[in-house]
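Participant: Give me coordinates for this.
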Amino acid sequence: MELTKEQIEYLETNLSIFELNSKATSEQRTIVYGMYNDLTGQKKKPNSCGRCWRNVKMKVYQEYKKQIQ
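Facilitator: Just a heads-up that it's a prediction; the model follows:
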């Protein structure tokens, strides 16, 4: 599965979440988890697990970088 054009545009608008490790709002987390679920076919939901959030962000960001090259 690949990111959609809309998802890529969202990522480009919110790159600070991924590159600068900025704090994400709960809405942003929900959107990023949705992208992750689209990519992996899983049904993960945002929670308070920092490691989980980091892994989800990393997977989505890696896919983004792969697609824009």
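
Participant: quick one, phi psi at residue 45?
Facilitator: Here is the backbone geometry of residue 45 (degrees, to the nearest 10): phi -120, psi 150.

Participant: do residue 21 as well
Facilitator: phi 60, psi 40.

Participant: With the one 3 residues further on instead?
Facilitator: Taking degrees, to the nearest 10, you get phi -100, psi 140 for the backbone angles of residue 24.

Participant: Residue 69 versus that one, what's the distance?
Facilitator: Applying CB to CB, to the nearest Å, the value for residue 24 to residue 69 is 25 Å. For the C-beta atoms, the positions are set from N, CA and C on the backbone; glycine is no exception.

Participant: Who has more neighbours out of those two?
Facilitator: Neighbour count, other CB atoms under 10 Å: between residue 24 and residue 69, residue 24 has more, with 18 against 5.

Participant: mind listing the helices in this structure by residue range?
Facilitator: Assigned by DSSP state H, the helices in the chain fall at 5-13, 15-19, 26-40, 50-68.

Participant: Run a quick neighbour tally on residue 13.
Facilitator: Residue 13 has 9 neighbours, counted by other CB under 10 Å.

Participant: about what we covered before: and the helices of the chain, which is most packed in?
Facilitator: Among the helices of the chain, helix 26-40 has the highest mean neighbour count (mean count of other CB atoms under 10 Å), at a mean of 16.

Participant: so it versus helix 50-68, what angle?
Facilitator: Angle between the axes of helix 26-40 and helix 50-68 is 60 degrees (criterion: axes from the mean of the first three to the mean of the last three CA atoms, to 10 degrees).

Participant: Now helix 26-40: average pLDDT?
Facilitator: Averaged over helix 26-40, pLDDT sits at 97.

Participant: from the chain's centre, how far out does that helix sit?
Facilitator: Distance, stretch centre to chain centre, for helix 26-40: 5 Å (CA atoms, centre = their mean, to the nearest Å).

Participant: name the helices or strands packed onto that helix?
Facilitator: Under the contact criterion of 3 or more CB pairs under 8 Å, 6 or more residues apart in numbering; DSSP states H and E, helix 26-40 touches helix 5-13, helix 50-68.
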